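Novice: give the three-dimensional model of this entry:
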Amino acid sequence: MAEVRLANTPIHELDASLTKDILYTRLVHILVNNAIDEIGILPFLPDKEPEQEQSSIDSTVIPQYPFIVQEHGTKLGIPIFCWVPVLDAAYAELKSVIRPTSSSATNQNWWSDHDRTRRVIGATSCIMILCPDSFMAVNARKRLVLEGHLDAQKEIKYLDMILTFPRNCKSSGAWYHRKWLLCYIHKDHETVPLDPTIVEEQLQVCHQAAERYPKCYYAWTMRHWLVEQLGKYWWQASVDNGSPIQDVLLEPLERELSRMRSHMDRNISDHSTQQHLQQCMLQLGGRWVVQEVPVAGGKDMVLQWSRQELARRRKRKEEVGITKSTVQNVLETKDPRKGSYAWVVHLWVTELGRIRGLVELYPGHESLWYHLRFVYYGLRWLDSETLVPVGSEDLIDKEVEAEFVSHATEEAYAQTIFRGRETNANAGARAEQTVENTRDLQSHLCRQYLLFVRQLDDADSEK
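Specialist: I've put the predicted structure just below:
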């Protein structure tokens, strides 16, 4: 039986022939001469193969041992015992280049010297794999991109490889560097939408990172930013009404919303998923949730979502004499045009039915009730709309309720929750205490939701 070794066991205790400089040289050689797209940490030191023994004799051949490279040079395994020595050697190399002691080297920028540039690329390549939070390495690679020594597109692919190791998914440095690269490549991103294909690729990377490391704040932040990049231009396009770029901007947003709904079904307690889903819904809301405001040099689109504004909208609706539910009036619209009021209404009404189903299916989850609050508020906002355009969305002249959702509708929904509690009172052989606790929590969350609805209605009536 093999002896169990701790991760911090010095490498020379395992193999005296391996020094940190040798390990560093071999890892750099592997990274430079292979198209690595996935890395993994090995909890053991692999056996030395016969060909590795022979290559160690031939000084012209750099062996790969103790690293493992497989699948035609695309997969790299790094023994955990090599982590610290390689990192030490890489940092020493980087500092010796960036902060040289000789006066001759000091008089010249390191990125102007080919040999020093090559050494920085090797050192930072190792550091970014093992410690992507090193801003010294990140800033050095930014300089390499700016000076044309590294291709920005290939650098993004390199960051994709780094994120295949789950621990690196929570690295702020890697995500900030990714965002910087995207802004560098698309320098006009403030005035021209990012290519939807690029956004879709980056959203997929964020999704994979969230799957590897679920509570990854920086991945979700990056995901928000990508959606906002499309959303702000979709907002403007929706106001322009008829812009040819509408569908191009909507498709990746719709796919991201679908992914979030699927992810939420599997991770119902994940607040990050629900917040991003809400972000997608707001971005898809377009002109119906935003307004133009004057800024220096023109106008900008901002989210109008406050309770004060909701109260003003409801008051304005009363003043113009609209006494029926605007939302319910358009629900029967067949195949509404994307981005239209009826299309946005269908989006939110569908979400209302979905979240109510999840609340009943998974009782006692606070995150679901919070999302229900968001959807309720959004439908109240849409119901306060007075500027429904003429056309396929003309108000249908029929008897409808004054409001699609209100305290009365939610009180009726709450009664179904309470009745479900009574129905499940005889839970049979299940653990009674656990079931009772879940029922009590579900009832408590339901009462808190009704309190939120009542307070929202009271605030509106006071206005």
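
Novice: what residues sit buried inside whichever strand or helix holds residue 447?
Specialist: Taking DSSP states H and E as the criterion, the element that holds residue 447 is helix 432-462. Along helix 432-462, these residues count as buried under the neighbour rule (16 or more other C-beta atoms under 10 Å): 435, 438-439, 442-443, 445-446, 449-450, 452-453, 456-457, 460. Heads up, the C-betas are built off the backbone N, CA and C, glycines and all.

Novice: what is the nearest of the residues you listed to residue 132?
Specialist: When those are compared for distance to residue 132 (C-beta to C-beta), residue 445 comes out closest, at 39.4 Å.

Novice: residues touching the closest one, list them.
Specialist: When contacts are counted by C-beta atoms under 8 Å, 6 or more residues apart in numbering, residue 445 touches 364, 366, 369.

Novice: same list (these) but as CSV, adding distance to residue 28 and secondary structure.
Specialist: As requested, the contacts of residue 445 are arranged in CSV below (distance: C-beta to C-beta, whole Å; DSSP: H, G, I helix; E, B strand; the rest coil):
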residue, distance to residue 28, secondary structure
364, 53, coil
366, 49, helix
369, 53, helix
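
Novice: out of those residues, who's nearest residue 87?
Specialist: When the contacts of residue 445 are ranked by distance to residue 87 (C-beta to C-beta), residue 366 comes first, at 41.3 Å.

Novice: how about the closest one, nearest residue that isn't a chain neighbour?
Specialist: Spatial nearest neighbour of residue 366, excluding adjacent residues (C-beta to C-beta, 6 or more residues apart in numbering): residue 445 at 6.0 Å.

Novice: go on, residue 173?
Specialist: With C-beta to C-beta, 6+ apart, the residue lying closest to residue 173 is residue 133, at 4.4 Å.

Novice: got the phi and psi for the one you found?
Specialist: Recorded main-chain torsions at residue 133 are phi -80, psi 0, according to degrees, to the nearest 10.

Novice: how near is it to residue 165?
Specialist: Taking C-beta to C-beta, to the nearest Å as the measure, residue 133 and residue 165 are separated by 13 Å.

Novice: same check on residue 94?
Specialist: For residue 94 relative to residue 165 (C-beta to C-beta), the value is 20 Å.

Novice: what's the neighbour count on residue 231?
Specialist: As a burial measure, residue 231 scores 24 neighbours (other C-beta atoms under 10 Å).

Novice: tell me the contacts of residue 69?
Specialist: Under the criterion of C-beta under 8 Å, 6+ apart, the neighbours of residue 69 are 30, 34, 36, 75-77.

Novice: now for those residues: which two are most distant?
Specialist: Spatially, the most separated pair among those is 34 and 77, at 12.3 Å (C-beta to C-beta).

Novice: what helix or strand is residue 302 on?
Specialist: Residue 302 is located in strand 298-303, with elements delineated by DSSP H and E.

Novice: could you pull out the buried residues of the helix or strand following that strand?
Specialist: Scanning forward in sequence from strand 298-303 by DSSP H and E, the next helix or strand is helix 307-319. Neighbour-count burial for helix 307-319, with 16+ other C-beta under 10 Å as criterion, is recorded at 310-311, 313-314, 317.

Novice: hang on, residue 324 in a strand?
Specialist: No. Counting by DSSP: H, G, I helix; E, B strand; the rest coil, residue 324 is located in no strand; its state is coil.

Novice: quick one: low-confidence parts of the stretch 151-300 of the chain?
Specialist: Within the stretch 151-300 of the chain, the stretches falling below the threshold (pLDDT under 70) are 239-246, 292-300.

Novice: quick check: residue 159 touching residue 177?
Specialist: Yes. Under the criterion of C-beta atoms under 8 Å, residue 159 is in contact with residue 177, at a separation of 6.5 Å.

Novice: what about the strands in the stretch 51-200 of the chain?
Specialist: If DSSP state E, counting those that start in this stretch is used as the criterion, the strands of the stretch 51-200 of the chain fall at 68-70, 75-79.

Novice: closest to residue 137 out of those?
Specialist: The closest of the strands of the stretch 51-200 of the chain to residue 137 is strand 75-79. By C-beta to C-beta, the value is 16.6 Å.

Novice: ok, and what's touching the closest one?
Specialist: By C-beta under 8 Å, 6+ apart, the residues outside strand 75-79 that reach it are 27, 30-31, 34, 36-42, 44-46, 66-70, 86, 129-130.

Novice: only whichever of the residues you listed are buried, select them in ChimeraX.
Specialist: Paste this into ChimeraX to select the buried members of the contacts of strand 75-79, with burial taken from 16+ other C-beta under 10 Å:
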select :27,30,31,36,39,42,45,66,67,68,86,129,130
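
Novice: out of the contacts of strand 75-79, which are inside helices?
Specialist: Cross-referencing the contacts of strand 75-79 against helices under DSSP state H gives 27, 30-31, 86, 129-130.

Novice: what's the farthest-apart pair in these?
Specialist: Based on C-beta to C-beta, the longest span within the ones in helices among the contacts of strand 75-79 runs between 30 and 130 and measures 13.5 Å.

Novice: need the residues touching each of the two.
Specialist: Common neighbours of residue 30 and residue 130 (criterion: C-beta under 8 Å, 6+ apart): none identified.

Novice: re the thing from before, export the buried residues of helix 432-462 to a markdown table and tack on pLDDT?
Specialist: Formatted as a markdown table, those follow (pLDDT from 0 to 100):
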| residue | pLDDT |
| --- | --- |
| 435 | 66 |
| 438 | 82 |
| 439 | 83 |
| 442 | 92 |
| 443 | 92 |
| 445 | 95 |
| 446 | 95 |
| 449 | 96 |
| 450 | 95 |
| 452 | 95 |
| 453 | 94 |
| 456 | 88 |
| 457 | 80 |
| 460 | 59 |
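
Novice: quick check, residue 34 in contact with residue 70.
Specialist: No. In this structure, residue 34 is not within contact of residue 70 by C-beta under 8 Å, at 10.3 Å.

Novice: per-residue pLDDT, residue 401?
Specialist: The confidence metric pLDDT takes the value 64 at residue 401.

Novice: tell me the contacts of the residue lying closest to residue 176 once chain neighbours are set aside?
Specialist: The shortest distance from residue 176 to any non-neighbouring residue, by C-beta to C-beta, 6+ apart, is to residue 138 (7.2 Å). Counting by C-beta under 8 Å, 6+ apart, residue 138 makes contact with 128, 132, 173-174, 176-177.

Novice: switch the cut-off to 10 Å
Specialist: Residues near residue 138 by C-beta atoms under 10 Å, 6 or more residues apart in numbering: 124, 127-128, 132, 171-174, 176-177, 180.

Novice: that older thread, anything in contact with each of residue 34 and residue 77?
Specialist: Contact criterion C-beta under 10 Å, 6+ apart; residues shared by residue 34 and residue 77: 64, 69.

Novice: just the buried residues of the contacts of residue 445.
Specialist: If you count burial by 16+ other C-beta under 10 Å, the buried members of the contacts of residue 445 come out as 364, 369.
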